[in-house]
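In: Got a predicted structure here, sequence first:
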Amino acid sequence: MSKLLYITVNPKNNVKLSKGMQIGEVFLEAFKQVQPDVEIEHMHLYDMEIPEIDMDLLYARAKLSFMGYTKEQLSEAERTKLEKMHALADHFIAADYYVFVTPIWNLGAPAILKSFMDCMFIAEKTFTNTKEGPRGLMTGRKAIHIQTRGGIYSTGPMVEFEMGDRYLRKALEFLGFELMDTVVAEGMDHFPKEAPEIMAKAKEAAATAAREMAK
């Protein structure tokens, strides 16, 4: 049985309140039409305890990677936070398909997404260093990003300012994922009267992408 991680990144953990999650629900339904037995796990980042790279984690990783320490020699705080980071990464690794649903805030994604992705960058677990440079170990897995945007970032003067989708795609590419085209619903704040049409197009794109991913 395949597993899909549905990762939502918005304080509004409510389909009725979140346009992104409305699009995400359409994606999941279309995916299940192709793979009815898929296991879907919803990870809502705002409901989770996500370790942040603070002084404890910074030193824990340094001590183990090049300072000659063993895990037993770490402080209790360092060891506890490191174990939480690895447990989250192990859970993440166990899936086959990944769907990220985020808004764009102030040119980027919510900060909690960066904290989450920081936990996924673990040498010899999700990537390895070679003579040719780093190589992602998350190969054979597919990922897609569903992003809602109040403004217009796909064309015009704001193109170079979009750093939410750009960051996530580069992070996943680094880790070795096979990426699908991002599903975007944009301009709903700038053109509220057109919001129903924008949402309809995004849902249609999400359904198409889901069926393609599930094949």
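Out: Arrived safely. None of the values given here were measured: they were computed from a predicted structure.

In: which other residues reach the helix or strand bottoming out on mean pLDDT in the chain?
Out: Comparing helices and strands within the chain by mean pLDDT, DSSP states H and E singles out helix 55-65 as the least confident, with a mean of 93. When contacts are defined by C-beta atoms under 8 Å, 6 or more residues apart in numbering, helix 55-65 is touched by residues 51, 69-71, 73-75, 77-79, 81-82, 85, 123. In short, each C-beta sits where N, CA and C put it, glycine included.

In: Can you mark which positions in it are buried?
Out: Along helix 55-65, the positions that meet the burial threshold by neighbour count (16 or more other C-beta atoms under 10 Å) are 56-57, 59-61, 63-64.

In: Please tell me how far it is from the chain's geometric centre.
Out: The gap between where helix 55-65 is centred and where its chain is centred comes out at 24 Å by C-alpha atoms, centre = their mean, to the nearest Å.

In: ditto for stretch 110-127
Out: On C-alpha atoms, centre = their mean, the centre of stretch 110-127 falls 9 Å from that of its chain.

In: Check stretch 192-207 too.
Out: Relative to the chain's own centre, stretch 192-207 is displaced by 22 Å; criterion: C-alpha atoms, centre = their mean.

In: cool, stretch 155-171 as well?
Out: Taking mean C-alpha positions (C-alpha atoms, centre = their mean), stretch 155-171 and its chain are 15 Å apart.

In: Only alpha carbons, please: show it as CSV.
Out: Extracted as CSV, the C-alpha positions of stretch 155-171 are listed here (Å, rounded to 0.1, in the frame of the first residue of the first chain):
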residue,chain,number,x,y,z
THR,A,155,3.8,37.4,-14.5
GLY,A,156,4.7,41.1,-14.2
PRO,A,157,6.9,42.9,-11.7
MET,A,158,6.5,40.5,-8.8
VAL,A,159,7.9,37.4,-10.6
GLU,A,160,11.3,37.7,-9.0
PHE,A,161,9.9,38.4,-5.6
GLU,A,162,8.1,35.0,-5.2
MET,A,163,10.3,33.0,-2.8
GLY,A,164,7.8,30.5,-1.2
ASP,A,165,7.3,28.1,-4.1
ARG,A,166,10.8,28.7,-5.3
TYR,A,167,12.3,27.8,-1.9
LEU,A,168,10.2,24.6,-1.4
ARG,A,169,10.9,23.3,-4.9
LYS,A,170,14.7,23.9,-4.6
ALA,A,171,14.7,22.2,-1.1
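
In: List the contacts of that stretch.
Out: Counting by C-beta under 8 Å, 6+ apart, 100, 102-105, 107-109, 113-114, 117, 120-121, 145, 147, 149, 151-153, 179, 182, 184 sit against stretch 155-171.

In: tell me which residues of that stretch are tucked away?
Out: Buried residues in stretch 155-171, counted by 16+ other C-beta under 10 Å: 162, 164-166, 168-169, 171.
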